[in-house]
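>>> Just a sequence and a predicted model for now, questions to come.
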Amino acid sequence: MESESQNCVVIPVNRSDVVFQSSFSTIVRSFENFDPKILFILHAEFNKNLINSLDPLFKQLEMNGVEVKKVNLNQLFPYNINSSEEIANGIENLLQGCKKVYLVPTSGASIVSSALGILYQKNRCKNYFLVNYLFSFGPWISFYYPFTPRETERVIIDPEPNVNPSQSPPMPIDEQIRRLKKLDNYFQERIVEESKKNTFLGNMYKLVYEMNVRTEGVNALKITLPPTRPPESSKGKNKEEKDKKPPSSGPSSLTLKVNDMKNIKDKLESILGSGLKDLQINPTYIAEIIENVSGIHRIMVYDQGDDKKSSEKDLSEVAKDFDFVVIDTNLIYYGIHSYEIRGLSIPYCVNFEMGTKLYEEKKISSFYETLYSIYDAILLRARILPSEMTYCDQSIPKMDPDLLEGGLILTGDRRAFRVWSNSPLSKYATVKFVKLDDEIRNNESERKYSLLSIASLLMGLKDDIEMNVELIRD
């Protein structure tokens, strides 16, 4: 190696689950935190497609002074290798001359992660450090840094700075932001690309990236409408009175705080009411959609359709007992996108109902296009089930039993629940009723996701109602 003053980061990228998101996040966070001169990317032969998808990021890093070395593990080690220690020794041979070595097993398969652990134990007195990123999944499952909030991708370093004084802690936040901004053009291009494909995801990428490049942080959303001038009849007025302009009201604004998101519907209705009424749209209806879709309320599951508290459970708790979960359209309107659900399955009838609603709501079509794009984003991590292209209350009971057997079927429609649970459908699948909890979610990262979902939906209203939507530090 060229110098004794190089920081090196070692990142394996050969795990199989959410590998792109995990790898991308880990690489960018490490660039922010450790000022690497050399980035070793360890990958297996089967991960070549992943490496290709990460190449644009590698090129950006190389343009900013980082040497990226891609190491094919199948070429580095023979197939008859017998232990993790042999892998550790082979990796160690790559690192001669590094001043500090940051080993990051987060996105690596078990055997390589074990090898990095062994390598750390052997060299912990020689400026070797073990780094893990704790990702906050849940609603952020399909996102990746820097399009997830910085605090949701927490860094843990062993040994801690006070244990080994030679270690530099992660960069101060202002330095992390300065380094992140070096890649600004690249991330802005990704935001534009995503916006062309999906309005909701594009909005979320834009909003979260804005959060991550602001040193003061963001914990609130401010909605501002311009001043309004009430209409006034000129009948019976003399010229002087006609020329006098009626007083205008000042701009109205609303601030939604991450830690105070109760009564969102009432707050949104109060500020958007006049604008929506001008469009002949019920403001209560739209405000309720925004609150419910945001995911700020938990989805509660009941054994019976009468909401008995004795059978009430959070969706996450119930869904983990099933290999797949089939949803009715109302789950889209209940913020199902804010949940991490294994085997999430969507019948064609949901597409029919969402498309029909989009077609019908022409008065605020941009809002419904954003709403539809949330559904589109869910499809990226769900499987599609064939059903009749009609309304789900009729279509789901007629689906092929082999597709539904052993699954959990959820609906927020009381009538559909009663019919389905008393039909042959209930003999091969579990049917349960859902509704939204009255309380808001406790987890701050979930509330922040909901706040940004609200911002994205409001951005869909900006074509019809003049308003400013901005993230602030309250």
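Looks like it came in fine.

>>> center of this protein - which residue?
W140 (3.2 Å; CA atoms, centre = their mean).

>>> Would you quantify the distance from the closest residue in space to that one that isn't next to it in sequence to K448?
Distances taken as CB to CB, 6 or more residues apart in numbering put T148 closest to W140, at 4.9 Å, once the chain neighbours are dropped. Quick note: C-beta positions are derived from backbone N, CA and C, even for glycine. T148 sits at a distance of 10 Å from K448 (criterion: CB to CB, to the nearest Å).

>>> Look at R178 and say how many residues are nearby.
14 (other CB atoms under 10 Å).

>>> Where does it sit: helix, strand or coil?
helix (DSSP: H, G, I helix; E, B strand; the rest coil).

>>> confidence score at it?
pLDDT, R178: 95.

>>> rewinding a little: now do the same for the residue nearest to W140: helix, strand or coil?
coil.

>>> Pretty sure V208 is one of the things it touches, is it not?
Yes - T148 lies in contact with V208 (CB atoms under 8 Å); the separation is 6.3 Å.

>>> So for T148 and K448, which sits in the more crowded spot?
Taking neighbours as other CB under 10 Å, T148 and K448 compare with T148 leading, 28 against 23.

>>> can you pull the contacts of the more buried one?
S25, F135, S136, W140, V208 (CB atoms under 8 Å, 6 or more residues apart in numbering).

>>> Lowest-confidence entry in those?
S136 (76).

>>> any idea how far E444 is from that one?
10 Å.

>>> Those two: who's more crowded?
With neighbours defined as other CB under 10 Å, S136 and E444 compare such that S136 has more, 20 against 15.

>>> ok, for the more buried one, nearest residue in space, not its chain neighbours?
T152 (3.7 Å).

>>> That neighbour reaches N443, doesn't it?
No - in this structure T152 lies outside contact range of N443 using CB under 8 Å: 10.2 Å.

>>> For D323, identify the helix or strand it belongs to.
Using DSSP states H and E, D323 is not contained in any helix or strand.

>>> what's the answer for N132, then?
Going by DSSP H and E, N132 is part of strand 128-135.

>>> Show me the strands paired with that strand, marking each as parallel or antiparallel.
Counting by DSSP bridges, the strands paired with strand 128-135 are strand 98-103 (parallel), strand 153-158 (antiparallel).

>>> re the thing from before, now the contacts of T148 in CSV, please, with extra columns for distance to I191.
Shown next, in CSV, are the contacts of T148 (distance: CB to CB, whole Å):
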residue, distance to I191
S25, 16
F135, 21
S136, 21
W140, 17
V208, 10
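
>>> In those, find the pair that's most separated.
Largest separation among the contacts of T148 by CB to CB: F135 and V208, giving 14.1 Å.

>>> Low-confidence stretches in the stretch 101-250 of the chain?
160-169, 228-250 (pLDDT under 70).

>>> can you map out the helices along it?
110-123, 173-181, 184-197, 199-212, 239-243 (DSSP state H, counting those that start in this stretch).

>>> Which helix or strand lies directly C-terminal to the shortest one?
In other words, helix 239-243. By DSSP H and E, the next helix or strand past helix 239-243 is strand 252-257.

>>> can you pull the buried residues of that next one?
For strand 252-257, burial by neighbour count (16 or more other CB atoms under 10 Å) applies to S252, L254, L256.

>>> For L225, find the nearest of the helices of the stretch 101-250 of the chain.
When those are ranked by distance to L225, counting by CB to CB, first place goes to helix 199-212 at 19.3 Å.

>>> now for that closest one, which elements pack on it?
Contacts defined by 3 or more CB pairs under 8 Å, 6 or more residues apart in numbering; DSSP states H and E place helix 199-212 against helix 184-197, helix 365-379, helix 444-459, strand 468-472.

>>> Can you give me the buried ones in the last one?
In terms of neighbour count (16+ other CB under 10 Å), strand 468-472 has its buried residues at V469, L471.

>>> partners of it in the sheet?
strand 220-225 (antiparallel).

>>> chain center to the partner strand: distance?
21 Å (CA atoms, centre = their mean, to the nearest Å).

>>> And for stretch 263-277?
26 Å.

>>> In CSV, could you pull the C-alpha coordinates for that stretch?
This file holds the C-alpha atoms of stretch 263-277, laid out as CSV (Å, rounded to 0.1, in the frame of the first residue of the first chain):
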residue,chain,number,x,y,z
ASN,A,263,-55.7,15.0,16.2
ILE,A,264,-54.0,15.3,12.8
LYS,A,265,-57.4,15.1,11.0
ASP,A,266,-58.8,18.1,12.9
LYS,A,267,-55.6,20.1,12.5
LEU,A,268,-55.4,19.5,8.7
GLU,A,269,-59.1,20.1,8.3
SER,A,270,-58.8,23.5,10.0
ILE,A,271,-56.0,24.7,7.6
LEU,A,272,-57.0,23.0,4.4
GLY,A,273,-60.8,23.4,4.8
SER,A,274,-61.5,26.5,2.8
GLY,A,275,-59.2,25.5,-0.1
LEU,A,276,-60.8,22.0,-0.4
LYS,A,277,-64.3,23.5,-0.1
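
>>> ok, back up a step: specify which member of the contacts of T148 is nearest to K363.
V208 (30.1 Å).

>>> Tally up the residues packed near that closest one, please.
Neighbour count of V208, defined by other CB under 10 Å: 24.

>>> what's next to stretch 78-91, contact-wise?
10, 40, 42, 73, 76-77, 111-112, 114-116, 118-119, 122.

>>> List the buried residues in it.
Neighbour-count burial for stretch 78-91 [16+ other CB under 10 Å]: S84, I87, A88, G90, I91.

>>> Adding pLDDT, distance to E361 and secondary structure, write those out as a markdown table.
Formatted as a markdown table, the buried residues of stretch 78-91 follow (pLDDT from 0 to 100; distance: CB to CB, whole Å; DSSP: H, G, I helix; E, B strand; the rest coil):
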| residue | pLDDT | distance to E361 | secondary structure |
| --- | --- | --- | --- |
| S84 | 84 | 58 | helix |
| I87 | 85 | 57 | helix |
| A88 | 88 | 59 | helix |
| G90 | 89 | 60 | helix |
| I91 | 90 | 57 | helix |
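
>>> what's the closest of those to P56?
I91 (25.8 Å).

>>> Next one: the closest one from N123, what distance?
From I91 to N123 the distance is 11 Å (CB to CB).

>>> what's the answer for V318, then?
46 Å.

>>> Can you pick out the residue with more neighbours from the two?
Neighbour comparison, V318 and N123: the larger count goes to V318, with 20 against 16 (by other CB under 10 Å).

>>> Now name the helix or strand holding the more buried one.
helix 315-319.

>>> Report the backbone C-alpha coordinates of that helix in CSV.
The C-alpha trace of helix 315-319 is given here as CSV (Å, rounded to 0.1, in the frame of the first residue of the first chain):
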residue,chain,number,x,y,z
LEU,A,315,-50.8,-6.4,13.4
SER,A,316,-47.0,-7.1,13.8
GLU,A,317,-47.7,-9.5,16.6
VAL,A,318,-50.4,-11.4,14.6
ALA,A,319,-48.6,-11.5,11.2
